[in-house]
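# pasting the sequence and the predicted coordinates here, then a few questions.
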Amino acid sequence: MENQIYELQFAMDTFYFLVCGALVMWMAAGFSMLEAGLVRAKNTTEILTKNVALFAIACIMYLVCGYAIMYDGSFFLSGIADFDLTSMLADSAEAGFDGDSVYASASDFFFQVVFVATAMSIVSGSVAERMKLWAFLIFAVVMTGFIYPMEGSWTWNGADVFGMFNLGDLGFSDFAGSGIVHLAGASAALAGVLLLGARKGKYGANGEVNAIPGANLPLATLGTFILWMGWFGFNGGSVLKLSDGASANAVAMVFLNTNAAAAGGAVAALVLSRILFGKADLTMLLNGALAGLVAITAEPSTPTALQATLFGMAGGLLVVFSILALDKLKIDDPVGAISVHGTCGILGLLLVPLTNGDASFVGQIVGGLTIFVWVFVCSLIVWAILKAVMGIRVSEEDEYTGMDIADCGMEAYPEFVNK
């Protein structure tokens, strides 16, 4: 009877893990639609190609070596015959079953691999409209197969950073990845953008910033709502189980706080854009919602709903100022991803100790710096090598014509193009 209960708990937790993983996978569609809406029409096919291809590359690279680096395990040559549920349940029963078996399961791999793809998706939008497709895809191989798994092993797997210190011992905590996923993706994006340079015409000779509007704001809005929905799997799945009352309540609280933070971020960014620009800026509203989601991701389980809303509002305000600041620095990010995922990822880490007594500000700062330095430096090296070997930026002619024709040989909206 006891084993039957354990087996039922295992089945429930596995199913919950898989459903949440599928929700996070659906975020790939959100990133695709958001980026397709915020770039110009002539670059739509290429940005969609990048998003589909990077997801496929992330899945393969994490299967081949990424998971082994991050968690000291591999599914590359494993199959259903290698899984012994009876043995697992017996060992779990001795230790007291809590849903977090030391045995790696396929559901855990699936849930982790979609996080890797999310980190790489952040890079896609920041380097849009002027990076060579194949240079980007080669970088995706390194990012998802090595750079991300290494920092993930120091954080979620608890390994010592180069054998010197343990972030967990310092009080570092990142529930679902404000730093581990979002800051990491933004750090890689920042390195690429610095070497890539701004789009032609974005910044004037006298320092003025020229707006380059996206082609399809309905698509960008759809993408934001898809990401908002997928985030329930992103944060909710990070509870890791559902098969007991405490865990079920934790999942409900995480869902509630995730939604509250997104709402707070959206409203704060909308109001601030009205104050600063005199208009209700839709793109700031969309990024405000995403900023709130990123800010709550580091700790969505311990705040109250009111605190979560306030944390989301802080993210919504910060992202507007960050986007404006990056433009002042002539760092061209077409979709605002560095601000949403990087600046607000840092904010999310720093908010954790306010509601989680097990975390410390020192640990959060050291952890954030570790993630940023590792990912940024490694990415800068990889981007620099790619720039020297094959170049990372398209020609001025191709940039003017559009990446769709230059890289893909087809247009997303052929009937709207003037011949």
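Structure's in. What do you need?

# list the contacts of the closest residue in space to Thr302 that isn't next to it in sequence.
Excluding its sequence neighbours, the residue lying closest to Thr302 (CB to CB, 6 or more residues apart in numbering) is Thr355, at 4.2 Å. Using the backbone N, CA and C atoms, a C-beta is placed for each residue, glycine as well. Thr355 is in contact with Glu299, Thr302, Pro303, Gln307, counting by CB atoms under 8 Å, 6 or more residues apart in numbering.

# so what's Trp26 closest to, chain neighbours aside?
Spatially, and ignoring its direct neighbours in sequence, Trp26 is nearest to Gly230 (4.8 Å; CB to CB, 6+ apart).

# which positions in stretch 148-158 come out as buried?
Tyr148, Pro149, Met150, Glu151, Gly152, Ser153, Trp154, Thr155, Trp156 (16 or more other CB atoms under 10 Å).

# which one of those residues is nearest Cys408?
Out of these, the one with the shortest distance to Cys408 is Tyr148. That distance is 26.6 Å, counting by CB to CB.

# what's the spacing between Ile5 and Met150?
39 Å (CB to CB, to the nearest Å).

# which ones among the contacts of Thr355 map onto helices?
By the criterion of DSSP state H, membership of these in helices covers Gln307.

# only the buried subset of the contacts of Thr355, as a ChimeraX command please.
Restricted to buried positions by 16+ other CB under 10 Å, the ChimeraX selection for these reads:
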select :299,302,303,307
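
# redo the contacts of Thr355 as CSV? Include pLDDT and distance to Ala211.
Supplementary listing: the contacts of Thr355 in CSV, determined by pLDDT from 0 to 100; distance: CB to CB, whole Å:
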residue, pLDDT, distance to Ala211
Glu299, 98, 35
Thr302, 97, 40
Pro303, 98, 36
Gln307, 98, 35
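
# tell me the one of the contacts of Thr355 nearest Asp108?
The shortest approach to Asp108 among the contacts of Thr355 belongs to Glu299, at 21.3 Å (CB to CB).

# and Val181, how many neighbours?
Summarising burial for Val181: neighbours were counted as other CB atoms under 10 Å, giving 29.

# that one: what's it in contact with?
Phe115, Thr118, Ala119, Thr297.

# which residue, neighbours along the chain excluded, lies closest to it?
Distance criterion CB to CB, 6+ apart; nearest residue to Val181, sequence neighbours excluded, is Ala119 at 4.9 Å.

# quick one: list the elements packing against the strand or helix carrying that neighbour.
Mapping Ala119 onto the secondary structure by DSSP states H and E places it in helix 106-126. Here helix 106-126 is seen to pack against helix 2-38, helix 44-61, helix 67-71, helix 133-142, helix 148-155, helix 184-196, helix 337 when contacts are counted using 3 or more CB pairs under 8 Å, 6 or more residues apart in numbering; DSSP states H and E.

# doesn't Leu23 make contact with the residue nearest to Trp26?
Yes. Gly230 is within contact range of Leu23, at 5.0 Å (criterion: CB atoms under 8 Å).

# if we can go back for a sec, list just the nearest of the contacts of Val181 to Phe55.
Minimum distance to Phe55 across the contacts of Val181 is 9.3 Å, recorded for Thr118 (CB to CB).

# helix or strand with the lowest mean pLDDT in the protein?
For the chain, scoring each helix and strand by mean pLDDT, DSSP states H and E identifies helix 85-95 as the least confident one, at a mean of 53.

# circling back: just the angle between the helix holding Ala119 and helix 44-61, please?
Angular relation of helix 106-126 and helix 44-61 on a 0 to 180 degree scale: 150 degrees, by axes from the mean of the first three to the mean of the last three CA atoms, to 10 degrees.

# quick check: buried residues in helix 106-126?
By neighbour count, and taking 16+ other CB under 10 Å as the criterion, the buried residues in helix 106-126 are 106-126.

# ok, stretch 357-377 next?
The neighbour-count criterion (16+ other CB under 10 Å) identifies 359-360, 363-364, 366-368, 370-372, 374-376 as the buried residues of stretch 357-377.

# follow-up on the earlier one: can you list the contacts of Val181 in JSON lines and add pLDDT and distance to Ala252?
Putting those into JSON lines (pLDDT from 0 to 100; distance: CB to CB, whole Å) gives the following:
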{"residue": "Phe115", "pLDDT": "97", "distance to Ala252": "22"}
{"residue": "Thr118", "pLDDT": "97", "distance to Ala252": "23"}
{"residue": "Ala119", "pLDDT": "97", "distance to Ala252": "27"}
{"residue": "Thr297", "pLDDT": "98", "distance to Ala252": "17"}
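
# looking at those residues, which is nearest Met390?
Among the contacts of Val181, Ala119 lies closest to Met390 (CB to CB), at 23.3 Å.

# my read: that closest one touches Gly185, true?
Yes. Distance between Ala119 and Gly185: 4.0 Å, which falls inside the contact criterion (CB under 8 Å).

# just for the protein, where's the confidence low?
Flagging of the chain using pLDDT under 70 yields the residue ranges 1-3, 74-104, 416-419.

# same thing but 90
Filtered on pLDDT under 90, the chain yields the residue ranges 1-14, 71-108, 163, 204-208, 241-245, 413-419.

# got the residue ranges for the helices in the stretch 201-350 of the chain?
In the stretch 201-350 of the chain, helices defined by DSSP state H, counting those that start in this stretch lie at 217-236, 245-277, 282-297, 305-328, 337, 344-355, listed in chain order.
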